[in-house]
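> for reference, the sequence and a predicted model appear below.
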Amino acid sequence: MRTTLDLPKDLVERAMTITKAKTKTEVITKALENIIRQEKLNKLISFHGKVVLDVDLDVLRKR
């Protein structure tokens, strides 16, 4: 999908250097993938302490 963006040149160049991306498209794609991954992790982290598993491991092992 073609899109026109007005991005700070120095920010894009720094991102390309850090990620070793060869094109601007590659660095933008990596950035979007990282945002999606981070948001998924944040959702998982938000469940910490909220899920109660009433599982008896000894009983499960005997099955």
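All right, it came through fine. Fair warning: this is a prediction, and the values are worked out from it, not measured in the lab. Numbering: from 1, shown residues only.
> CA only for contacts and neighbour counts going forward, please
Will do.
> does the residue nearest the centre of the chain sit in a helix, a strand or a coil?
In the chain, the residue lying closest to the centroid (C-alpha atoms, centre = their mean) is residue 37, at 1.7 Å. Using DSSP: H, G, I helix; E, B strand; the rest coil, the three-state assignment for residue 37 comes out as helix.
> buried residues in stretch 28-41?
residue 30 (16 or more other C-alpha atoms under 10 Å).
> dump it to CSV, keeping only the CA atoms.
C-alpha atoms of stretch 28-41 as CSV (Å, rounded to 0.1, in the frame of the first residue of the first chain):
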residue,chain,number,x,y,z
ILE,A,28,8.9,1.3,8.8
THR,A,29,7.8,-2.3,8.5
LYS,A,30,10.0,-3.3,11.4
ALA,A,31,8.7,-0.5,13.5
LEU,A,32,5.1,-1.4,12.9
GLU,A,33,5.8,-5.1,13.6
ASN,A,34,7.5,-4.1,16.9
ILE,A,35,4.6,-1.9,17.9
ILE,A,36,2.1,-4.7,17.3
ARG,A,37,4.4,-7.2,19.2
GLN,A,38,4.7,-4.8,22.1
GLU,A,39,1.0,-4.2,22.4
LYS,A,40,0.3,-7.9,22.4
LEU,A,41,2.9,-8.3,25.2
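> picking up where we left off before, now do the residue nearest to the centre of the chain against residue 18, distance only.
From residue 37 across to residue 18, the span is 18 Å (C-alpha to C-alpha, to the nearest Å).
> and for residue 35?
16 Å.
> same check on residue 56?
Counting by C-alpha to C-alpha - residue 56 and residue 18 are separated by 47 Å.
> what of residue 50?
Counting by C-alpha to C-alpha - residue 50 and residue 18 are separated by 37 Å.
> so where's the protein shaky on pLDDT?
Residue ranges of the chain with pLDDT under 70: none are present.
> all the helices of it, in order from the start?
In the chain, the helices defined using DSSP state H lie at 9-19, 24-46, 57-62.
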